[in-house]
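Student: The sequence and its predicted three-dimensional model are supplied below.
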Amino acid sequence: MNENLYTQLSARFPQDPAAPCLILGGGSAWTYGDIGRASGRMANLLVALGLKPGDRVAAQVEKTPEALILYLAALRAGMVFLPLNPAYQRNELDYFLKDARPGLFVCRPPMRVLAEELAQQAGVPHVLELDDAGRGSLIAMAAPQPDAFATVPRTDADLAAILYTSGTTGRSKGAMLSHGNLAHNARTLHRYWQFQPGDVLLHMLPIFHVHGLFVACHCALLNGSAMFFEPKFDLARALQLLPQATVFMGVPTYYVRLLQDPAFGRETCRSMRLFISGSAPLLKETFEDFQARSGHTILERYGMTEGGMFTSNPCAGERRGGTVGFPLPGTEIRIVDADGEPVPPGTVGRIQVRGENVFVGYWGMPEKTKEEFTADGFFETGDLGSRDADGYISISGRSKDLVISGGLNVYPKEIEELIDAMPGVVESAVIGLPHPDFGEAVSAMVVRQKNPAGAALTEAQIIAAIKDKLANFKVPKRVYLVDDLPRNAMGKVQKNLLRQAYSS
Ligand code: MLC
Ligand code: AMP
């Protein structure tokens, strides 16, 4: 289409500017007219600050309407949005700012001093604040700007966002997504999930990831729908709001938590049309319990940061538990063996993907990008799966060393490096163990040195030391002190044996 993504979204906004877009906890709402005007003011501010198309706009803020406006303003001004999890700590932030070199960093007020220090070191010219109530210098400076802004023309290839995904070798990689990537996926999902007039989305996901920011918001905006825009997943609020919504999107943990509340049932879901799950495997047991309790069949889909959604169970046809459905229109999925040859149905292989939604590459890492693509343009997802005789795809594991906890990715290497550097540690292995709430719990096996430093090291100390340095969701829920780690003939730690031994 070669059009700015915002232009494509706003073309579908309701005719009536008073139509609600974001419904907030207190009952107030942002209308579609408000969205247009506020994003116009914000885009004018970005330009007034001296940022140019292609410049990065980084934000480490809580979920508020203003945070979403900042994203839309960056799109309109042709800049590249870089959302960051508020849980990230100093070292993580330092890396992202130095790597992405944004023209503006928007932080929460308590982070101001640290943000200024890191921004100065990274050569980031502007730091502004946005607080949890949607106030701060960002909003104060945008307020006097004009509402009108001529959205900057963009081609499909122009960058719209960079989302960092942790790397198996330590360094995080910034996945570059273009206007064309995002727009293609948004249009496909809107059609495939049969969004219709009157749909209301209950939005409880964070907006620093693909799921909450792109999948959920783009579908609702393309549909001109209202969203209950909640700051986070909260069980009591979900039970209150589901009866007024028609579509819900969540990670499996949300469904597990809904099922744990005896108040959840058919009555809660009386107005619902569609429940969608993704970002982590949905247990068959959760799928079936949910069906029995609510009368609704969860639609499971599969995707990743590097391309949005790849496959989905059908909206109208049979949604099969334990599967992630079929390749989405415009997306090719190939499942291959060790030699790169396609495997027959029923055989597990590496999942590769190709399509207009697949990302442009990793920011500043042309070699890494090249490694992840085959000669004929397929991206290696690092996921393992198979296709059944009817074409349904199932994810059966990962070839990448990755833990997914509550829908958030944790790369063991990052934690192992920290533990290994502690005095008294010989080595460590970090794995995911089954967890009733988070699906997988980050767990560390640590071999201590046979000296006083090693003998003094406890589980609590190791956890406390990591908590200081990494985002809270990466901190191991348990640390096991072990005598040694099982290794294969090549000397590689056999994490599968550890998982088997400790799963119970
Ligand atoms: C919070 N904690 C977590 C955690 N989230 N620990 C492990 N895994 C997580 N995901 C920590 C907290 O810091 C706290 O630790 C303790 O666990 C309990 O916190 P909580 O209050 O119960 O957590 P809560 O706020 O309820 O958050 C849990 C959650 C949230 C599951 C609701 O993490 C969430 O919304 N996850 C969704 C993530 C997401 O959007 N993923 C999509 C990625 S896109 P302490 O020690 O501080 O007490 C993608 C592509 C695709 O993957 O296909 O969609
Ligand atoms: P991220 O890098 O955060 O985008 O996470 C993407 C990864 O999440 C994928 O590579 C998969 O491993 C996993 N994932 C996403 N959706 C599903 C799903 N429905 N079932 C199993 N794994 C999933």
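Tutor: Noted; the coordinates are in hand. Numbers count the residues shown, from 1 in each chain. Ligands and ions are numbered 1, 2, ... in the order given.

Student: for Leu282, helix, strand, or coil?
Tutor: Three-state assignment for Leu282 (DSSP: H, G, I helix; E, B strand; the rest coil): coil.

Student: give the contact list for it.
Tutor: Residues near Leu282 by CB atoms under 8 Å, 6 or more residues apart in numbering: 252, 255, 298, 300, 321. Where you see a C-beta, it was placed from the backbone N, CA and C, and this is true even at glycine.

Student: What pLDDT does the model give it?
Tutor: Note on Leu282: pLDDT of 97.

Student: And it, how far from Met304?
Tutor: Using CB to CB, to the nearest Å, one gets 16 Å for the distance from Leu282 to Met304.

Student: which non-adjacent residue is nearest the residue of the stretch 1-150 of the chain found nearest ligand 1?
Tutor: Proximity of the stretch 1-150 of the chain to ligand 1 (CB to the nearest ligand atom) peaks at Ala87, 6.8 Å away. Closest residue to Ala87 apart from its sequence neighbours, by CB to CB, 6 or more residues apart in numbering: Ala471 at 3.7 Å.

Student: next one: His126
Tutor: Leu104 (4.5 Å).

Student: beta partners of that neighbour?
Tutor: Val57, His126 (DSSP bridges).

Student: ok, now which ones touch it?
Tutor: Applying CB under 8 Å, 6+ apart, the residues near Leu104 are 46, 49, 51, 55, 57-58, 124-128.

Student: and the contacts of Leu282 as TSV, adding distance to ligand 1, pLDDT and neighbour count?
Tutor: Shown next, in TSV, are the contacts of Leu282 (distance: CB to the nearest ligand atom, whole Å; pLDDT from 0 to 100; neighbours: other CB atoms under 10 Å):
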residue	distance to ligand 1	pLDDT	neighbour count
Pro252	9	98	24
Tyr255	11	98	22
Ile298	14	98	23
Glu300	10	98	24
Gly321	18	97	17
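
Student: mind putting those in CSV, secondary structure and distance to ligand 2 included?
Tutor: As requested, the contacts of Leu282 are arranged in CSV below (DSSP: H, G, I helix; E, B strand; the rest coil; distance: CB to the nearest ligand atom, whole Å):
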residue, secondary structure, distance to ligand 2
Pro252, helix, 8
Tyr255, helix, 12
Ile298, coil, 10
Glu300, strand, 5
Gly321, coil, 11
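
Student: Find the closest residue to ligand 1 in this structure.
Tutor: Nearest residue of the chain to ligand 1: Gly406, at 2.4 Å (CB to the nearest ligand atom).

Student: Now do the contacts for Ala115.
Tutor: Taking CB under 8 Å, 6+ apart as the criterion, Ala115 is in contact with 60, 93, 105, 107, 127.

Student: try Val127
Tutor: 104-107, 112, 115-116, 119.

Student: count of neighbours near the spatially closest residue to Asp234 that is not a sequence neighbour?
Tutor: Distances taken as CB to CB, 6+ apart place Met204 nearest to Asp234, at 7.2 Å, with adjacent residues excluded. Neighbourhood size, Met204 [other CB atoms under 10 Å]: 25.

Student: who touches Met204 in this structure?
Tutor: Here Met204 is in contact with 230, 232-234, 237-238, 248, 250, 254 (criterion: CB under 8 Å, 6+ apart).

Student: Apply 10 Å and report the result again.
Tutor: 63, 212, 216, 227-235, 237-238, 241, 248-251, 254 (CB atoms under 10 Å, 6 or more residues apart in numbering).

Student: out of those residues, which are buried?
Tutor: Buried members of these, counted by 16 or more other CB atoms under 10 Å: 63, 212, 216, 227-230, 233, 237-238, 241, 248-251, 254.

Student: thinking again about what came up before, next, format the contacts of Ala115 as TSV and append distance to Ile69.
Tutor: As requested, these are exported to TSV (distance: CB to CB, whole Å):
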residue	distance to Ile69
Gln60	16
Leu93	22
Phe105	17
Cys107	16
Val127	18
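
Student: picking that back up, wait, which of the contacts of Leu282 is closest to Glu371?
Tutor: Ranked by distance to Glu371 (CB to CB), the contacts of Leu282 are led by Glu300 at 29.5 Å.
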